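>>> below are the sequence and a predicted model; questions follow.
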Amino acid sequence: MSDEVLVERRGAVQVITINRPAKKNALDAGVAAGVAAAVDELDESDELRVGVLTGAGGTFSAGMDLKAWLRGETPAIEGRGLCGISMTPPRKPLIAAVEGWALAGGFELLLACDLVVAARTARLGVPEVTRSLVARAGAALHLPRRIPYAIALELLLTGAPIDAERAAAHGLVNRLTDEGGALDGALELAAAIAANGPLAVAATKRIARSTADWTLDEAWGRQFDIAEPVFRSQDAREGAAAFAEKRAPVWKGR
């Protein structure tokens, strides 16, 4: 793994850190490859249940490295999008832990995550239009689905950032922390998720992310197809047995 992306395991939680603090964690090809490899490990590992994505040095990410882009580099992975997660997010939950700035591509990485924990001092924005660029790594597509349409357009068309408290008021941020506390807050949230049945968590995420693309007529059938194997799993029986026996469940992921 490149020094530009640090990966560690904290129990069942994988922590992915973009490690270019001198460049405000700007995204280049090396970062993209590192993040993509990390989320592949997250999905492939039986021990890992949840991922946390953060940035070193008090900044989440200032977005695409424009100097690298002018040299012909891209932080996108073909067929997978920005850092390998904007088009094809991991099967397992991914939480953004945000300190400082999350701008442009950095903001779009945040949107590729399922949940967001941010310091109250964090600032979020999509300034692409101010450089005659388009937020095509997910913000223009997903932001109007995540927050009220008028607020999404304000952010997209003015390029002006908002603070984390306003983002939380519009439902974009799940939990706010004091400055410097975003990673600990994300790890606390990750631990609560990791304690649950991994098959059920993955299936629930898949249903929740897919439902916007389903018609009402097809939604129940599609949900059944995803959920039914979980109900037939060993883990489902273990969950019921643990409840009856008043003990903590031991998940096997099968």
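Good, I have the coordinates. Predicted model only: the values in this text are computed from it and were never measured.
>>> so where is the stretch 151-254 of the chain shaky, pLDDT-wise?
Low-confidence segments of the stretch 151-254 of the chain (pLDDT under 70): none present.
>>> tell me which stretches of it form strands.
162-163, 175-177 (DSSP state E, counting those that start in this stretch).
>>> tabulate the ones you listed in CSV, adding columns for mean neighbour count and distance to Gly185.
Any C-beta I mention is one placed from the backbone N, CA and C, and that applies to glycine too. Listed next are the strands of the stretch 151-254 of the chain as CSV, based on neighbours: other C-beta atoms under 10 Å; distance: least, C-beta to C-beta, whole Å:
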stretch, mean neighbour count, distance to Gly185
strand 162-163, 17, 16
strand 175-177, 19, 4
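>>> for Lys24, find the nearest of the ones you listed.
Counting by C-beta to C-beta, Lys24 lies closest to strand 162-163 out of the strands of the stretch 151-254 of the chain; the figure is 17.6 Å.
>>> what pairs with that closest one, parallel or antiparallel?
Under the criterion DSSP bridges, strand 162-163 sits next to strand 123-125 (antiparallel) in its sheet.
>>> buried set for the strand it pairs with?
Within strand 123-125, the residues that qualify as buried are 123-125, counting by 16 or more other C-beta atoms under 10 Å.
>>> what sits up against it?
With contacts defined as C-beta atoms under 8 Å, 6 or more residues apart in numbering, strand 123-125 is touched by 98, 100-104, 107, 110, 118, 155, 159-164, 167, 172.
>>> now stretch 165-174
Under C-beta under 8 Å, 6+ apart, the answer for stretch 165-174 is 98, 115-118, 120, 124, 146-148, 151, 164, 175-176, 189.
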